[in-house]
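Q: Pasting the sequence and the predicted coordinates here, then a few questions.
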Amino acid sequence: MDFSTYDPSIQELREKYDALVGRQDPRALRVLYKLRREAIALEDDLLLGNTYHCLAFVEFFITGRYNAFLRYIRLSIGCLLRCGNTSEMAYVYYLIAMDAMNKGAYDIAYNFFLQGHNEFEAAGDENLKSIRDFCIGHILQQLEDYRHARTFILRALRVARKNKQHPQYYTNVANCHINNSICCLGLGLIPQAEQAYQNAEKFFASHPDRFHITSQFDFEVLGARLFHAKNDLASVRKHLKTLIAMLDNLSLTNGHMEELQRLCESLIDKRELRMADELLTALRKTEFAKNTLGGMGILSDMRVSYAMARKQTDLLREAYQAQHEVHQQLIREQKRVYQYTGELLRLVSELRSEQESMQREHEVLLRLAKTDMLTGLANREALTDRLEQAFENAWQKKSMLGICMIDIDELKKVNDMYGHAEGDRLLAEFGTVLAAYAADIGAFAGRYGGDEFVVIYENKTDAAIRAGAGRLAKQSPLRISQGICNVVPTDYVRPWDLLRLADSAMYAAKRRARSDVRASGISFNNRIRTSE
């Protein structure tokens, strides 16, 4: 979002937020509360929607307050649909997808990334596209489709490297290196995995204070798995020790647990049961593994694998029992997640339908505001707008612009003899004839006022206009006089000059018709000034 057009105080708050969120500092919330007050005072839905999804981001990634995250997501969707901003909606879809992904609901996450695909494309922002690529790559990585995942991750890395001004620059680049290494490891490309690991290691070493603990945690998991694949058990133990020490300070997610599960299973496969036991013992003490279904489910699967490797019947029975109970609860939880996702999708759909309905109503009101109610033609305001636009086009292209002023000669007699209702009926009938005529020849017609009408001809010759005017005179229910000015606009005239010349020609045609009933009711006046 471009903040350069906002008041300096708002720009200052945004810069402060970017600095704090880049350091994963929860004090970013205080700055966002101030921005929210400013947005509400300005009645600016775009600024408010941006602030709400930033609040959701902080609550999700830094404070971990899930209910607050959901509340701000809903508020952001409402604001952004009202103002119709695609870039900001893309970020909202990203947050919803990340939430689903952290719950292990990868199909839902993928669906939300697809939901946001058009918004990412419409925004035309390379950074937004790189976020989409990274997240899709991460989903495919979790599903162990490493080959396709790596394609998306590398594409995201190329963009992330160039975007040094982004507040999450260091974390974004490091995460791309880490995920690239994990994909290479999954594909058995050990040298490439080691190179990507070293790239991430150098990045961490050169900017030690710029990373969130989750990125550091992912790096340690990667290191343990990579060195295990190389049979360097001393390095595995070093990374494992660091991992276990980090568990108390980390807000674990399903994604973290699944990476630890892969590490644990690789340790079990190599019969490194002591290290696997140390990891399981540490995980059992974490709040995530004790109090969340996702954590309990993954931990129960890990315990089953460990018990089978140890071939301890009692331990295996206990692990199976715990696994069964947790998985029954997980099935119920999965239904709740799908229900919540469905509610969000319905919310988006309802708000979008409401917005589209309001937009249609707005367009109808605009159309009515520029329509003459009696004839259905454009009114004087709409005529003025179209004349100025046509004049500008003709002036730039040095092409002909024709203005025809029309007067219904016999309307006053009709009103005097038959009443104004009959006169209005004939005006409406002439409006219908004029609208059909203008549509047929590609001209623009409107009611100037009373019994006067205007037709705007663009890039037509005098002969073509004269022929059309003669045809219109024959179709009219009453006799009409037409005055025409058809010229190439110069620097010394303005649109109203052309109207004045057409009006003068129209009165000339009317006078000629009065003196000679056989005279044509059409007159040209193309005498415009060529110098001041």
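A: Looks like it arrived, so ask away.

Q: What score does Gln339 have for pLDDT?
A: The model reports Gln339 with a pLDDT of 68.

Q: before we move on, what about Leu47?
A: pLDDT, Leu47: 91.

Q: tell me which element it is part of?
A: Per DSSP states H and E, Leu47 falls inside helix 45-58.

Q: And the helices in the stretch 151-300 of the chain?
A: In the stretch 151-300 of the chain, the segments counted as helices under DSSP state H, counting those that start in this stretch are 169-186, 190-206, 213-229, 233-246, 254-269, 273-284, 287-291, 293-310.

Q: closest to Tyr17 out of the ones you listed?
A: helix 169-186 (15.5 Å; Cβ to Cβ). For glycine as for every other residue, the C-beta is placed from the backbone atoms N, C-alpha and C.

Q: I'd like the next helix or strand past the helix or strand bottoming out on mean pLDDT in the chain.
A: Using mean pLDDT, DSSP states H and E, helix 117-123 stands out as the lowest-scoring helix or strand of the chain, at a mean of 60. Once the chain leaves helix 117-123, the next helix or strand it forms, by DSSP H and E, is helix 126-142.

Q: what's in contact with that following helix?
A: Residues outside helix 126-142 that contact it (Cβ atoms under 8 Å, 6 or more residues apart in numbering): 87, 90-91, 94, 97-98, 101, 106, 109-110, 113, 116-117, 120-121, 146, 148-153, 155-156, 158-160, 162-163, 166, 172, 175-176, 179, 182-183, 186, 255, 258.

Q: Any quick PyMOL command for the buried ones out of those residues?
A: Restricted to buried positions by 16 or more other Cβ atoms under 10 Å, the PyMOL selection for the contacts of helix 126-142 reads:
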select buried, resi 87+90+91+94+97+98+101+106+109+110+113+116+120+146+149+150+152+153+155+156+159+160+166+172+175+176+179+182+183+186+255
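
Q: Can you give me the domain assignment for the chain?
A: Recorded structural domains for the chain (assignment: automatic domain parsing) are 1-103, 233-329, 380-524.

Q: now the ones you listed as CSV including distance to Gly223?
A: Below are the domains of the chain laid out as CSV (distance: least, Cβ to Cβ, whole Å):
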stretch, distance to Gly223
domain 1-103, 21
domain 233-329, 4
domain 380-524, 64
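
Q: So which of those domains is nearest Phe203?
A: domain 1-103 (14.9 Å).

Q: before we move on, the earlier item: can you give the contact residues for the helix holding Leu47?
A: 1, 6, 10, 17, 21, 26, 28-29, 32, 35-36, 38-40, 68-69, 72-73, 75-80, 82-83, 85, 88, 91-92, 95.

Q: any idea how far that helix is from the chain center?
A: 14 Å (Cα atoms, centre = their mean, to the nearest Å).

Q: Grab the CA positions of it and hand them over as PDB.
A: Provided in PDB are the C-alpha atoms of helix 45-58 (Å, rounded to 0.1, in the frame of the first residue of the first chain):
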ATOM      1  CA  ASP A  45     -11.700   2.000   4.400                       C
ATOM      2  CA  LEU A  46      -8.400   1.200   2.600                       C
ATOM      3  CA  LEU A  47      -6.300   2.500   5.500                       C
ATOM      4  CA  LEU A  48      -8.500   0.800   8.000                       C
ATOM      5  CA  GLY A  49      -8.600  -2.500   6.100                       C
ATOM      6  CA  ASN A  50      -4.800  -2.400   5.900                       C
ATOM      7  CA  THR A  51      -4.500  -1.700   9.600                       C
ATOM      8  CA  TYR A  52      -6.900  -4.500  10.500                       C
ATOM      9  CA  HIS A  53      -5.000  -7.100   8.500                       C
ATOM     10  CA  CYS A  54      -1.700  -5.900  10.000                       C
ATOM     11  CA  LEU A  55      -3.300  -6.300  13.400                       C
ATOM     12  CA  ALA A  56      -4.300  -9.800  12.400                       C
ATOM     13  CA  PHE A  57      -0.700 -10.500  11.200                       C
ATOM     14  CA  VAL A  58       0.800  -9.400  14.600                       C
END
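
Q: change the start of the numbering to 23 and stick with it
A: Sure, I'll start counting at 23 from here, so that last one is helix 67-80.

Q: How about it, which residues are buried there?
A: 67-80.

Q: out of those residues, which one sits closest to Gln220?
A: Using Cβ to Cβ, Phe79 is the member of those that sits closest to Gln220, with 30.5 Å.

Q: if I look at the closest one, how far off is Ala119?
A: According to Cβ to Cβ, to the nearest Å, Phe79 stands 13 Å off from Ala119.

Q: burial of Met422, as a residue count?
A: Neighbourhood size, Met422 [other Cβ atoms under 10 Å]: 19.

Q: and it, what is it in contact with?
A: 416, 479-483, 508-510.

Q: most neighbours, which of these?
A: Counting neighbours by other Cβ under 10 Å, Tyr479 leads those with 24 neighbours.

Q: Report how many residues lie close to Tyr39.
A: 23.

Q: What of Ile153?
A: 24.

Q: Could you pull up phi and psi at Asp431?
A: Note on Asp431: its backbone torsions stand at phi -70, psi -40 [degrees, to the nearest 10].

Q: tell me the contacts of it?
A: Here Asp431 is in contact with 500-503, 532, 535, 543 (Cβ under 8 Å, 6+ apart).

Q: Including distance to Asp270, neighbour count and pLDDT, could these go into TSV?
A: Shown next, in TSV, are the contacts of Asp431 (distance: Cβ to Cβ, whole Å; neighbours: other Cβ atoms under 10 Å; pLDDT from 0 to 100):
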residue	distance to Asp270	neighbour count	pLDDT
Leu500	92	16	85
Arg501	95	15	88
Ile502	90	26	90
Ser503	92	25	91
Lys532	95	19	85
Ala535	98	19	74
Gly543	94	21	75
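
Q: quick one: which of the residues you listed is nearest Ile235?
A: Among the contacts of Asp431, and counting by Cβ to Cβ, the member closest to Ile235 is Ile502, at 81.7 Å.

Q: Around Ala298, how many other residues sit close by?
A: Neighbours around Ala298, by other Cβ under 10 Å: 24.

Q: Check the gap between the closest residue to it other than its chain neighbours and Met297 for me.
A: Nearest residue to Ala298, sequence neighbours excluded (Cβ to Cβ, 6 or more residues apart in numbering): Leu289, at 4.3 Å. As for Leu289, its distance to Met297 is 5 Å (criterion: Cβ to Cβ).

Q: Ok, Leu338 next?
A: For Leu338 relative to Met297 (Cβ to Cβ), the value is 20 Å.

Q: Of those two, which one has the most company?
A: Using other Cβ under 10 Å as the criterion, Leu338 and Met297 rank with Met297 on top: 20 against 17.

Q: What remains of the contacts of helix 67-80 if I keep only buried residues?
A: For these, a burial check counting by 16+ other Cβ under 10 Å picks out 28, 32, 39, 43, 50-51, 54, 57-58, 60-61, 90-91, 94-95, 97-102, 104-105, 107, 110, 113-114, 117.

Q: can you give me the strands for the stretch 323-472 of the chain?
A: Taking DSSP state E, counting those that start in this stretch as the test, the strands found in the stretch 323-472 of the chain are 423-430, 466-471.

Q: What helices and strands are in contact with the last one?
A: Contact here means 3 or more Cβ pairs under 8 Å, 6 or more residues apart in numbering; DSSP states H and E; on that basis strand 466-471 packs against helix 402-419, helix 442-463, strand 474-480.

Q: got JSON lines for those, with distance to Asp270 too?
A: Formatted as JSON lines, the helices and strands packed on strand 466-471 follow (distance: least, Cβ to Cβ, whole Å):
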{"stretch": "helix 402-419", "distance to Asp270": "67"}
{"stretch": "helix 442-463", "distance to Asp270": "75"}
{"stretch": "strand 474-480", "distance to Asp270": "75"}
